[in-house]
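Novice: I would like to see how this sequence folds:
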Amino acid sequence: MSYAIYEQIIKEKGVNSAAVSRGTGISQTTFSEWKKGKSTPKADKLKKIADFLNVPLDYLITGIRSEHDTVNMKIQEIQANMEKVKDISDDMRSSINDLLIEKQNLEQQLKEMEYYKSTMTQQAAEDAYHNSRMSILFHAQEGASDEAVRKAAEYLEALKIAEQHRLGND
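Specialist: Numbering: from 1, shown residues only. Take a look at the predicted model:
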């Protein structure tokens with residue numbers, strides 16, 4: 001974990017170390033020693049810093065955002081911006097409505113990310129949804145045993161080979 005990651009995050013957030021120190025109750029000396037490379041804050045202090053900056057602890061430690069974290073951070077940013085608005089014009093109401101729609105879309109994207117644990121699973125589901133042949137196969141296998149699905153796949157492969165052979169002889 002490096003001080004450079006912390007500096008990048010506070011720059012993105014538009015705050016300085018003094019504000020983080022005040023907001024977390026962590027002494028400026030701790031930040032100064034960290035910056036000089038003489039020490040690294042302990043886990044409880046890192047958690048306070050991450051919470052204050054409204055970032056996942058993993059991101060503060062590694063500087064790497066997962067797609068899940070990026071979506072969550074965007075949702076939180078939208079919510080924070082919405083809280084700041086009290087008296088607004090019709091144009092602002094329209095902008096807020098656009099933000100709400102974006103927030104809903106991001107929340108849906110987040111749910112889908114949580115549902116599909118891998119991109120391969122997500123891609124297979126999208127293929128089954130958009131490709132009528134895949135959809136037919138997907139629905140046909142429901143309730144079938146693994147052995148029945150394996151035999152059906154072998155049979156389908158044999159049909160494909162026979163069709164290729166037939167087309168090659170025409």
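Novice: Leaving out sequence neighbours, find the closest residue to the residue nearest the centre of the chain.
Specialist: By Cα atoms, centre = their mean, the mean C-alpha position of the chain lies nearest to residue 68, the distance being 1.8 Å. Leaving aside its sequence neighbours, residue 68 sits nearest to residue 113 (Cβ to Cβ, 6 or more residues apart in numbering; 5.6 Å). Bear in mind the C-beta positions are built from the backbone N, C-alpha and C, glycine included.
Novice: what's the helix or strand for the residue nearest to the centre of the chain?
Specialist: If you go by DSSP states H and E, residue 68 is part of helix 67-84.
Novice: hang on, the earlier thing: the residue nearest to the centre of the chain touches residue 109, doesn't it?
Specialist: No - look at residue 68 against residue 109 with Cβ atoms under 8 Å: they stay out of range, at 9.8 Å.
Novice: And residue 158, how close does it get to residue 134?
Specialist: 19 Å (Cβ to Cβ, to the nearest Å).
Novice: what's the following helix or strand after the particular helix or strand that has residue 124 in it?
Specialist: Using DSSP H and E, residue 124 maps to helix 119-130. Downstream of helix 119-130, the next assigned helix or strand under DSSP H and E is helix 132-141.
Novice: neighbouring contacts of that next one?
Specialist: Applying Cβ atoms under 8 Å, 6 or more residues apart in numbering, the contact partners of helix 132-141 are 127, 128, 129, 149, 152.
Novice: at 7 Å what do you get?
Specialist: The contact list for helix 132-141 (Cβ atoms under 7 Å, 6 or more residues apart in numbering) reads 127, 128, 129, 149.
Novice: same thing with stretch 37-50?
Specialist: With contacts defined as Cβ under 7 Å, 6+ apart, stretch 37-50 is touched by 1, 20, 24, 26, 30, 33, 34, 56, 57, 60, 61.
Novice: Helices of this structure, start to end?
Specialist: 3-13, 17-24, 28-36, 43-53, 57-62, 67-84, 90-115, 119-130, 132-141, 146-169 (DSSP state H).
Novice: okay, the angle between the third one and helix 17-24?
Specialist: An angle of 130 degrees separates the directions of helix 28-36 and helix 17-24 when computed by axes from the mean of the first three to the mean of the last three Cα atoms, to 10 degrees.
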